[in-house]
Each structure stands twice: as C-alpha cells, then as structure tokens.
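Q: quick check, what structure comes out for this input:
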Amino acid sequence: MYKRLRNLFYVGVAVILVAGFVSFRTQSPVAAAAGAGAAAQQTATIDKGDVTLTTNATGPLSAKQQVNVSFLTQGRVILLNVQEGDHVRKGQTIAVLDTTDLQDAVNQAQARSPGSTYSRQKQRR
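A: Here you go, the predicted model:
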C-alpha cells in the first residue's frame, strides 16, 4: 500500500511540474517575443539632435537667496539697470540716485570752509 501511495505521489509531483513549466513558458515575455517573430520588431534610423522634454508642475517657488537693497542716503532713483527676475553680479550697479541736491550741499559746504577760494575772495573785500 505504501508503494502505491508513493508512486501516486511521484505522478502528482510530475504532473504539477509539467503544468507549471507549460504555464511559465506561455506567459513569459521571452516566449511571447520569440513566438511573435520578426513581425513585432520595429526599426528606425538614428538621427543626431536635441532631446526636448516638457514638464508641468505646480507648487510654491522661493528664491535661493533674498537680499534687501538700500542706499546710504535718501533721494530719487533716476536709473534702474535691472528688472525683477534678472541675475545680478557682485559689484554691478543696480540703480542710480539723483545726486544734484547732494552736490549742491557739497558746494555750499566748500564755499563756507575757511580755506576755500570763495571765502578768501569774500575776506579780501
């Protein structure tokens, strides 16, 4: 009886192995490609060129570095050399102030100083 049961077990294992092998061969991509033959192959010529990729994304943006710019004196900006979003370099002039009022103040101070030409001319009279 054990001999019969043992033989039945061997036959069952053999059937399961054959069924698994057949199932694997029919479902594997290698078998599908080999079975399709040359009809599924696609050919194209190779051209040299640029690869273009477009990506759309949403979300908040923030600058790597933010700097507050201020002048040492008050005045009116007469020239703005950059626009929002422009890249700037160290030492680049970003804006120019109207300095006519400052130059007038310098001229008046020089005129009032004791060593100035204006004050010497005034003293001679």
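
Q: packing partners of the longest helix anywhere in the chain?
A: In terms of residue count, the longest helix belonging to the chain (DSSP state H) is helix 2-27. Helix 2-27 is packed against no helix or strand, with contacts defined by 3 or more Cβ pairs under 8 Å, 6 or more residues apart in numbering; DSSP states H and E. All C-beta spots, glycine's among them, are computed from the backbone N, C-alpha and C.

Q: pLDDT of it, averaged?
A: Averaged across helix 2-27, pLDDT comes to 88.

Q: how far away from the center of its chain is that helix?
A: With Cα atoms, centre = their mean, to the nearest Å as the basis, helix 2-27 stands 59 Å off its chain's centre.

Q: please parse the chain into its domains.
A: When the chain is parsed with automatic domain parsing, its domains come out as 2-32, 77-84+91-120.

Q: out of these, the one nearest Ala57 is which?
A: domain 77-84+91-120 (21.5 Å; Cβ to Cβ).

Q: in that closest one, what's buried?
A: Leu97 (16 or more other Cβ atoms under 10 Å).

Q: cool, stretch 48-62 as well?
A: Per 16+ other Cβ under 10 Å, stretch 48-62 contains no buried residues.

Q: residues of the longest helix of the chain that come out buried?
A: So for helix 2-27, nothing qualifies as buried (16+ other Cβ under 10 Å).

Q: and the helices in this protein?
A: Going by DSSP H, the chain shows helices at 2-27, 29-36, 100-112, 117-124.
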